[in-house]
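**Q** the sequence and its predicted three-dimensional model are supplied below.
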Protein chains: 2
Amino acid sequence: MANKEITSREDDYSKWYIDIVQKANLADYSAVKGCMVIKPWGFAIWENIQGQLDKMFKETGHVNAYFPLFIPKSFLSKEADHVEGFAKECAVVTHHRLMNNPDGSGVVVDPSAKLAEELIVRPTSETIIWNTYRDWINSYRDLPLLINQWANVVRWEMRTRLFLRTAEFLWQEGHTAHATQQEAVEETKLILNLYADFVEQYMAVPVIKGVKTANERFAGADDTYTIEALMQDGKALQSGTSHFLGQNFAKAFDVRFLNSENKQEYVWATSWGVSTRLMGALIMTHSDDDGLVLPPKLAPTQVVIVPIPKPTDEINEAAQKIISELRGKGISVKYDNDKKKRPGFKFAEHEMRGVPVRIGIGKRDLEKNQVEVARRDTKEKQSLPLEGIADAIQQLLENIQNNLFEKALKFRKEKTTKVDTWEDFQKVLKEKGGFILAHWDGTTETEVKIKELTKATIRCIPLDNEQEKGTCVLTGKPSKQRVLFAESY
Amino acid sequence: MANKEITSREDDYSKWYIDIVQKANLADYSAVKGCMVIKPWGFAIWENIQGQLDKMFKETGHVNAYFPLFIPKSFLSKEADHVEGFAKECAVVTHHRLMNNPDGSGVVVDPSAKLAEELIVRPTSETIIWNTYRDWINSYRDLPLLINQWANVVRWEMRTRLFLRTAEFLWQEGHTAHATQQEAVEETKLILNLYADFVEQYMAVPVIKGVKTANERFAGADDTYTIEALMQDGKALQSGTSHFLGQNFAKAFDVRFLNSENKQEYVWATSWGVSTRLMGALIMTHSDDDGLVLPPKLAPTQVVIVPIPKPTDEINEAAQKIISELRGKGISVKYDNDKKKRPGFKFAEHEMRGVPVRIGIGKRDLEKNQVEVARRDTKEKQSLPLEGIADAIQQLLENIQNNLFEKALKFRKEKTTKVDTWEDFQKVLKEKGGFILAHWDGTTETEVKIKELTKATIRCIPLDNEQEKGTCVLTGKPSKQRVLFAESY
């Protein structure tokens, strides 16, 4: 029985997505065009994402810091490629004071408070950070710097979609500085693998690791590594990127160090980030027509207990015992003992919000020393004995986590097609969607042409790619390997 | 022996403060006027402050969310007092695009990308949040809303000082909505007590809880509660505020609810916040002329182990054993086995950064099965047996935490003076500084006059104030209680 409040995926996939975001209380539009409000339930999931990533960053030697929200306009043009690819659509601060409108109708900008140089609300922080690193780095002894920042950034967007593309979003941006090229390249790959591990093991979303083509690189990077996930509508979602920046920003901001042979050298750099966009990947990978489906490892509430039909002393007592056993195992649990709502209403609500496991406790169940346990992912219900309930629930949560990943992986495999002709390329893209593995002649010209003709882009050149001779699907020119195409968000 | 890099408090207190902030690697100025960079060591302390406060907020039923960085200009003038007292010195976004300068010299603002309505970078979020709450609140069943946000805010400041007053700063802002006045007032006080408990028990900074006079209230509040701490130079630092907002913002943004008797009513509100300013309070309360002094509960590294004079197999082995015992007790410990630096250099560095306990391990110590333990607060050293070292260090950390609080409390008591004449008021303020308890006639006029004459302001009317008849120190008019005066940051 599909939830009547939610548009089905079949009817309108885009509407289904927005319905879930709004009705599961994850986020909503705000009074400011393009900016979203992240609601408590959505933010609690984001906090779990943050908490785990932060732990993984720290375990690999990174530390957090905080750099200014504003960037002087002149900084943006210091790295030529960076300003070309970026920084055009952004929020520009031109004044620093308001004043009462002389006509008494509110406030107006005080024209006398014009800034000498405009400030840009950071769209990304390479420029302000590398300008700062110049003061922090003198010698090889100061390296490496392994710094991360959790922050809000703004990129003006005309067409926005909650979590996937908003003018303001939350993210982390790592900015590291190294004495050698090799060390910086290793850092870029370390983070790519860390992202992939997190997204697969915690979000239960399988990803393809790869490197971007020159055309799809971050503005200012020598190489951009990416993890690409496949959504249920067959479109790809870029879920995290890790950039090897070479010495580009060090040169633009004159950041040099004295190496161990006492010679001046430019510093090597990386930057990397994931954002609230991950929330979009999470929602679109697992959810169904009844609402959100959450992997247990990121669910703010992993288990909800519902008294049937309402709380009694006996049921409360049984519930408290289960709660204390579950908490003892580090499982987060909520007892929904609200007397104003009926069980059916509660079931639908927790289903909508994606709580992985629901335990129903009724009088008859208790007489048999058992409870009814329902899992959100498959909707299966079973009666479980009270004896050993915590162990059983813990196992069930693990099963759900694994099942979500396996299901998504199976979907991706079914939706990944090897294609050898241009006719098939267009046909598969139109009729089946998903990832297409096809030969490409390696030129930006062909890549752009394919995008114009089909909307598909090269998501990445997979890292573990099999080397295989073939001919470009569009031009027929020789190719050494297949690359990953898809339509994307 | 005072650290030569740091100006002494006696010579120049302001310079001493900035020296510590910069040389203990807490924060620094940035390329953007008025904005600071929070460096990794400073940020790690802030993360500990955040982590503990966040835990306390959640334990009292609050949840986190995230609201937009930008506020439409028109929102600011909806609450009359709010716009009067606020929002004048702020960052104004007027455009959303840059373009290449036609002359090829970088980028300029695209005049065609002017916003229809200017956006303000949030100086505080009451307006955007209450505009959002209108959609979230319909009935008494939707109340209370107990929401907190961790965010950056911007208030343009001409004269800035790291952590104490910067254009951009980090903070948390709680915004709660209630069905009754009583419940909102209780929330305001709950948070005031939570702040006081945190600042006293974790930061080891004693505070006076009180209520602000009408003149010092938050713009838009019916009552502002505050915690006031005393710094080593005898000036007060407002360390956190909790506001009872009445129905002011509900009326300005038309937020009503259907009460349990089915009648429309305006919602009652509170807001409350602490910021990176707390870092200033922490630094100025405990630090000395050798650098930062940190309370153990907030120190990112509680114990540092230094091999003397350098790491050997024997010393490494002993260090690893101590580390594993300390970590087993949840104590954070770092082994400084850098071979390029000498012990004296390391001692000074960790002293500067405020690490609470240093353990020195030398060959001779080990032969006696002991190590040398130095505490940062009193500089005392003692030899402690390896047997039971973790218990001894745990106890020592507790002693340091308590000692810092007791020392600060003793200082505050000595620097708090009851004054009954205007002559004494001026004399005490000039010669001794600190808190002055004096009678005041209750008028804003007198309060403002005292500030003009002496720079002293009424920090608060203490909550546990003894009721005592007297006469105003300036006007001689009758008064029922003493209030707390001081010069302040």
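**A** Nice, thanks for sending it over. Numbers count the residues shown, from 1 in each chain, chains lettered A, B, ... in the order given.
**Q** can we go C-alpha only for contacts and neighbour counts from here?
**A** Fine.
**Q** who does A:Y335 bridge with?
**A** A:I305 (DSSP bridges).
**Q** could you pull out the strands for the stretch 201-350 of chain A?
**A** With strands called from DSSP state E, counting those that start in this stretch, the stretch 201-350 of chain A shows them at A:208-211, A:223-230, A:236-246, A:256-258, A:264-266, A:268-275, A:303-308, A:333-335.
**Q** and the second one, how far out from the chain middle?
**A** Spelled out, that is strand A:223-230. 12 Å (Cα atoms, centre = their mean, to the nearest Å).
**Q** most packed of the strands of the stretch 201-350 of chain A?
**A** Greatest average neighbour count among the strands of the stretch 201-350 of chain A goes to strand A:223-230 (a mean of 27), per mean count of other Cα atoms under 10 Å in any protein chain shown.
**Q** A:C472: which of the strands of the stretch 201-350 of chain A is closest?
**A** Judged by Cα to Cα, the one of the strands of the stretch 201-350 of chain A that comes nearest to A:C472 is strand A:208-211, at 18.7 Å.
**Q** give me the residues contacting that closest one.
**A** Under the contact criterion Cα atoms under 8 Å, 6 or more residues apart in numbering or on different chains, strand A:208-211 has outside partners A:192, A:196, A:223-229, A:460-464.
**Q** before we move on, back to that, right, and the strands of the stretch 201-350 of chain A - which one's nearest B:E406?
**A** Within the strands of the stretch 201-350 of chain A, the stretch nearest B:E406 is strand A:333-335; the backing value is 40.6 Å (Cα to Cα).
**Q** just the C-alphas of stretch A:463-478, formatted as CSV.
**A** Provided in CSV are the C-alpha atoms of stretch A:463-478 (Å, rounded to 0.1, in the frame of the first residue of the first chain):
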residue,chain,number,x,y,z
LEU,A,463,40.2,3.6,-11.8
ASP,A,464,40.1,-0.2,-12.1
ASN,A,465,39.4,0.0,-15.8
GLU,A,466,40.2,-3.0,-17.9
GLN,A,467,42.4,-2.0,-20.9
GLU,A,468,40.7,-3.1,-24.0
LYS,A,469,41.1,-2.0,-27.6
GLY,A,470,38.1,-0.6,-29.4
THR,A,471,36.7,2.2,-31.5
CYS,A,472,35.0,5.4,-30.3
VAL,A,473,31.3,5.0,-30.2
LEU,A,474,30.7,8.3,-32.0
THR,A,475,33.8,8.9,-34.3
GLY,A,476,35.1,5.3,-34.8
LYS,A,477,38.6,6.5,-33.9
PRO,A,478,40.8,4.1,-31.9
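**Q** ok so, going back, of all the contacts of strand A:208-211, which two lie farthest apart?
**A** Pairwise over these, using Cα to Cα, the maximum falls at A:D223 and A:A229, 19.6 Å.
**Q** so which of the contacts of strand A:208-211 comes closest to chain B?
**A** Set against chain B, the nearest of the contacts of strand A:208-211 by Cα to the nearest Cα is A:L192 (22.9 Å).
**Q** correct me if wrong: that closest one contacts A:T241.
**A** Yes: using Cα atoms under 8 Å, A:L192 is in contact with A:T241, at 7.1 Å.
**Q** what touches both of these two?
**A** By Cα under 8 Å, 6+ apart, the residues touching both A:L192 and A:T241 are A:225-227.
**Q** need those residues in a markdown table (columns: pLDDT and distance to A:E445).
**A** Compiled in a markdown table, the shared contacts of A:L192 and A:T241 are given as follows (pLDDT from 0 to 100; distance: Cα to Cα, whole Å):
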| residue | pLDDT | distance to A:E445 |
| --- | --- | --- |
| A:Y225 | 98 | 21 |
| A:T226 | 98 | 22 |
| A:I227 | 98 | 24 |
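**Q** which one of those residues is nearest to A:V267?
**A** A:Y225 (20.2 Å).
**Q** without its sequence neighbours, what residue ends up closest to that closest one?
**A** Residue nearest to A:Y225 in three dimensions, not counting chain neighbours: A:V211, with 4.3 Å by Cα to Cα, 6 or more residues apart in numbering or on different chains.
**Q** how about A:A456?
**A** Nearest to A:A456 is A:E487, by Cα to Cα, 6+ apart, at 4.3 Å.
**Q** and what of A:E187?
**A** A:E187 sits nearest to A:T270 (Cα to Cα, 6+ apart), 7.3 Å away.
**Q** measure that neighbour to chain B for me?
**A** 18 Å (Cα to the nearest Cα, to the nearest Å).
**Q** many thanks, have a good one.
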